[in-house]
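K.L.:
sequence plus predicted model, see below.
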Amino acid sequence: MTYMSHTEDLAEVLVTEDQLATRIAELGEQITKHYLDQGIEEIVVVAVTNGAIVFVADLMRKLNLHTRLDCIRVSSYRDETQPVTEPEIIDNIRLNVEGEHVLLIDDILDTGSTLQKLVGVLRRMRPATLKTCVLLDKEGRRTKTYRANYCGFTIPEAFVVGYGLDFAERYRNLPCIGVLRPELQNPPEWC
Ligand code: 5GP
Ligand code: MG
Ligand code: MG
């Protein structure tokens, strides 16, 4: 069977599969070093689903630490390329993270609302430490003064898909990250 992940629907590739692999290995080393330098050998990874699952799957295998995993599900987008609501937690984590070292991982930092909200929620659970990591950062769009502790790539202001990021739940399985062809972003009414 021919391998098909619909990369032909992209107008432009911003981050290739090779670039992702290289950078994620670097991030894994950097994050591991940060914790081990402080004598911390176990962390709790909190993945923001669905977007971060592909990134987390690859990154956590580059962490040379004991890692427990939980997920938090947030909604702020309907099937469009612009946020329509304030971020809302649909499904919270199950682990008790009080006194634990938490690493919150999301796919992309855009306006900053999602991460800021989640940091607030997790802080109230009183972890020993809380760090944030995003694969992508659209610095130009930030409405809140917010930075992640770890970031894979800074990208320009464009709606991107692939490697976990979706458009209407599609394209998460693309092996690279790119910009969807404009005519595919706004399907005509009759579609
Ligand atoms: P923020 O709250 O920082 O504005 O947005 C973060 C969330 O919006 C991300 O977790 C992601 O789900 C979604 N998002 C922001 N920009 C993009 C984008 O370019 N493409 C996709 N697929 N999702 C995005
Ligand atoms: Mg998200
Ligand atoms: Mg989405």
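P.N.:
Alright, I've got the coordinates. Ligands and ions are numbered 1, 2, ... in the order given.

K.L.:
tell me, what residue is most central in the protein?
P.N.:
Note on the chain: the residue nearest the mean C-alpha position is D107, at 1.4 Å, using CA atoms, centre = their mean.

K.L.:
which secondary structure element contains C71?
P.N.:
Using DSSP states H and E, C71 sits in strand 66-75.

K.L.:
tell me which parts of this protein are close to ligand 1?
P.N.:
48, 51, 76-77, 83, 87, 106-114, 159-161, 165-166 (CB under 6 Å from any ligand atom). All C-beta spots, glycine's among them, are computed from the backbone N, C-alpha and C.

K.L.:
distance from the strand or helix carrying D18 to the middle of the chain?
P.N.:
Per DSSP H and E, D18 falls inside helix 17-37. Taking CA atoms, centre = their mean, to the nearest Å, one finds the center of helix 17-37 at 15 Å from the center of the full chain.

K.L.:
same question for stretch 162-179.
P.N.:
The answer for stretch 162-179 is 12 Å, by CA atoms, centre = their mean.

K.L.:
buried set for it?
P.N.:
162-167, 171-172, 174, 176-179 (16 or more other CB atoms under 10 Å).

K.L.:
related to what we said a few turns ago, in the helix holding D18, what counts as buried?
P.N.:
L20, R23, I24, L27, G28, I31, T32, H34, Y35.

K.L.:
report the contact partners of the third one.
P.N.:
Residues touching I24, when contacts are defined by CB atoms under 8 Å, 6 or more residues apart in numbering, comprise F55, D58, L59, K62, G152.

K.L.:
just the ones of the residues you listed in strands?
P.N.:
Assignment to strands by DSSP state E places the following of the contacts of I24 there: G152.

K.L.:
check the contacts of I24 and tell me the two furthest apart.
P.N.:
Maximum pairwise distance in the contacts of I24, criterion CB to CB, is 11.8 Å, between K62 and G152.

K.L.:
overlap in contacts, the two.
P.N.:
I24, L27.

K.L.:
looking at these two, which one has more neighbours?
P.N.:
G152 (23 against 16; other CB atoms under 10 Å).

K.L.:
send me the next helix or strand after the helix holding D18 as CSV with only the CA atoms.
P.N.:
Using DSSP H and E, the helix or strand that directly follows helix 17-37 along the chain is strand 42-49. Output in CSV follows, covering the C-alpha atoms of strand 42-49 (Å, rounded to 0.1, in the frame of the first residue of the first chain):
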residue,chain,number,x,y,z
GLU,A,42,10.9,11.1,38.4
ILE,A,43,8.4,13.5,36.9
VAL,A,44,4.8,13.6,35.9
VAL,A,45,4.2,14.5,32.2
VAL,A,46,0.8,16.2,31.7
ALA,A,47,-0.1,16.1,28.0
VAL,A,48,-2.7,18.5,26.6
THR,A,49,-4.9,16.3,24.4
